[in-house]
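Undergrad: got a structure for you, letters missing:
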């Protein structure tokens, strides 16, 4: 097959892999629940571990017995990358979908490397493959945002990118394929820069897709109307510091929290009273963070307070009891300060005796940070975000103009100039 045909075939495999990832999004949870019910909760995780072990063993076999390369450093790199895959699989032991995604993006990384090597013959192929993989990973999360029962999550974008990145490190440091280097690689630099710019712009658009913007889009595109009640992609959450409490996060300003608590205490209190004893998840779905952020945040603080209160009551030793009751006492203090009137109307307030017994067991002067509403937190507003992105894009443009007439390989290194003995053009 000619080079053009091999290139088209390589990109076809990339497209098929990405398409498979996208197609499985709507059915992923159903498949997971079916496997958990029919085979066992950890069957899929054991299967993924077996796949990683088999891939490592196969690669080492090819290097040692077929290519006669027995450099310990290469085998150590491969073992380290395999260990990273094992670590992530174990970390997401209870969530087979996340662990499977990590393996899927490793496969995608291999396919992207094979495809890009036709267009970027130097070390820049690793950057091109990585940035393309992150674009696919971000698109994957966008699709999850649209699909019912799936959610957009920035940490998942990081996990997807990590899956691609680790496999590329394994290829570069463990397999060390021969990469050709041309005299002028300005075109490769431009391609890598375009991929990086696309990632920055797409990430910026996701960060800017706040509930208000989603509502504006839904008003113009009726198809998007159901997304108004779903988990938003991102909100520019505010970080509050209170000398009596510590640090907490909210979509609302501290003044707005207190004003809402003063004006709507009776109305919101009655809602919470009516839902007492009812399903927690159903409450959050009915009073979501888009339309009723005050109630939504208050209910989560209540859940966190009561969860740690129960954990303290059931603790087996004093240290565990104090740690749990410290969180419960701080969450209760937060509720009293910023949701106090609503708390009194709701029937969820602690009785005086309960409050005394819990607070007496802990030191409330210690610092505390409530994770409620923290999410993917940025310390700057939307305008600053886009100024930073624009500034970086300008730097990329200047960089490409500056090196337009210069030779050398972007991402090039000694490995590319002195290919590993016995390694043919990449076959991975």
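TA: Alright, I've got the coordinates. Note that the coordinates shown come from a computational prediction; the quantities given were computed from them, not determined experimentally.
Undergrad: Centre-most residue in this structure?
TA: Note on the chain: the residue nearest the mean C-alpha position is residue 155, at 1.5 Å, using C-alpha atoms, centre = their mean.
Undergrad: for whichever helix or strand it is part of, the distance to its chain's centre please.
TA: For residue 155, the host element (DSSP states H and E) is helix 154-169. Centroid separation for helix 154-169 versus its chain: 9 Å, with C-alpha atoms, centre = their mean, to the nearest Å.
Undergrad: who's in contact with it?
TA: For helix 154-169, contacts defined as C-beta atoms under 8 Å, 6 or more residues apart in numbering pick out 77, 81, 84-85, 88, 98, 101-110, 112-113, 126, 129-130, 133-134, 136-138, 140-141, 144, 203, 206, 234, 376. In this view, the C-beta of every residue, glycine as well, is placed from N, C-alpha and C.
Undergrad: and the angle for the helix or strand following that helix with helix 154-169?
TA: Moving toward the C-terminus from helix 154-169, the next helix or strand (DSSP H and E) is helix 186-208. Orientation check (axes from the mean of the first three to the mean of the last three C-alpha atoms, to 10 degrees): helix 186-208 against helix 154-169 gives 160 degrees.
Undergrad: Excluding its own residues, what touches helix 186-208? List them.
TA: 119-122, 124, 127-128, 131-132, 134-135, 138-139, 141-142, 152, 154, 157, 233-234, 378, 382, 385-386, 389, 392-393, 396, 399-400, 403-406, 409-411.
Undergrad: what about the helix holding residue 155, average pLDDT?
TA: Mean per-residue pLDDT for helix 154-169: 89.
Undergrad: cool, and stretch 118-125?
TA: 86.
Undergrad: and the spatially closest residue to residue 88 that is not a sequence neighbour, what helix or strand is that in?
TA: The shortest distance from residue 88 to any non-neighbouring residue, by C-beta to C-beta, 6 or more residues apart in numbering, is to residue 102 (4.9 Å). Element membership for residue 102, per DSSP H and E: helix 96-116.
Undergrad: Check which helices and strands that helix sits against.
TA: Applying 3 or more C-beta pairs under 8 Å, 6 or more residues apart in numbering; DSSP states H and E, one finds that helix 96-116 makes contact with helix 3-24, helix 28-38, helix 43-61, helix 72-91, helix 124-146, helix 154-169.
Undergrad: Surely residue 241 forms part of a strand?
TA: Yes: remark: residue 241 belongs to a strand, assigned using DSSP: H, G, I helix; E, B strand; the rest coil.
Undergrad: Quote the end-to-end distance of stretch 203-213.
TA: With C-alpha to C-alpha, to the nearest Å as the measure, the ends of stretch 203-213 fall 15 Å from one another.
Undergrad: Quick one: mean pLDDT for it?
TA: Computed over stretch 203-213, the mean pLDDT rounds to 84.
Undergrad: In this structure residue 273 contacts residue 344, no?
TA: No: in this structure residue 273 lies outside contact range of residue 344 using C-beta atoms under 8 Å: 10.9 Å.
Undergrad: for the helices and strands packed on helix 96-116, which one ends up most surrounded?
TA: Of all these, helix 124-146 has the most neighbours on average by mean count of other C-beta atoms under 10 Å, namely a mean of 22.
Undergrad: what angle separates it from helix 154-169?
TA: 150 degrees.
Undergrad: Going forward, the N-terminal residue is numbered 51.
TA: That works, and once the first residue is 51, the last one we named lands at helix 174-196.
Undergrad: between helix 174-196 and helix 53-74, how big is the angle?
TA: Using the same axes, to 10 degrees: helix 174-196 against helix 53-74 is 30 degrees.
Undergrad: Now do the buried residues in stretch 350-366.
TA: Under the neighbour-count criterion of 16 or more other C-beta atoms under 10 Å, stretch 350-366 has 350, 351, 352, 354, 355, 356, 358, 359, 361, 362 buried.
Undergrad: now, the most widely separated pair of those?
TA: 350 and 362 (18.7 Å; C-beta to C-beta).
Undergrad: if I look at residue 159, how far off is residue 321?
TA: Using C-beta to C-beta, to the nearest Å, residue 159 is found at 49 Å from residue 321.
Undergrad: what residues are up against residue 136?
TA: Taking C-beta under 8 Å, 6+ apart as the test, what residue 136 contacts is 99, 102.
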